[in-house]
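Colleague: Using only what follows, build the 3D model:
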Amino acid sequence: MSSLVATSWVLGPVERAFSAVPRVWAYSQTRRLFDGATGPLETWQRVRMIGVAVVVAAATHVALNAQTVLAGSGARIAVVLVVSVGVTLIAMSRSIAAAWHAWK
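Modeller: Numbers count the residues shown, from 1 in each chain. Here you go, the predicted structure:
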């Protein structure tokens, strides 16, 4: 499969873009700010904090765009999915952190 991706003029650039993200993140100023703000936190606490941020962002989006969100069923489904991801991150933060460490 990797030779197919390497020779494909469509998939090759997409694969290179996705593989460049970890390299760029290592030198990112945003990473330094994030690590400075969350450095003393355990991994599970970071996961929980990201879940809270996702839920708050979704709630803010709904509050600011209530007419648009309530008018379309696709937007409602998207909000429900995003909130579900956030709640899952909050509720299962320790398990997700353990899986992350095992995967690394």
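
Colleague: any idea how this structure splits into domains?
Modeller: According to automatic domain parsing, the chain comprises the domains 1-40, 41-104.

Colleague: ranges for the helices of this protein?
Modeller: Using DSSP state H, the helices of the chain run over 2-7, 11-26, 29-38, 43-64, 66-71, 73-91, 93-103.

Colleague: Confidence-wise, which of the domains of the chain is weakest overall?
Modeller: When those are compared by mean pLDDT, domain 1-40 comes last with a mean of 72.

Colleague: Flag every buried residue along that domain.
Modeller: By 16 or more other CB atoms under 10 Å, domain 1-40 has no buried positions at all. In this view, the C-beta of every residue, glycine as well, is placed from N, C-alpha and C.

Colleague: what do you get for stretch 58-66?
Modeller: Applying 16+ other CB under 10 Å to stretch 58-66 flags 58, 61-62 as buried.

Colleague: Serialize the residues you listed to a markdown table and add fields for distance to L11.
Modeller: As requested, the buried residues of stretch 58-66 are exported to a markdown table (distance: CB to CB, whole Å):
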| residue | distance to L11 |
| --- | --- |
| A58 | 32 |
| H61 | 32 |
| V62 | 36 |
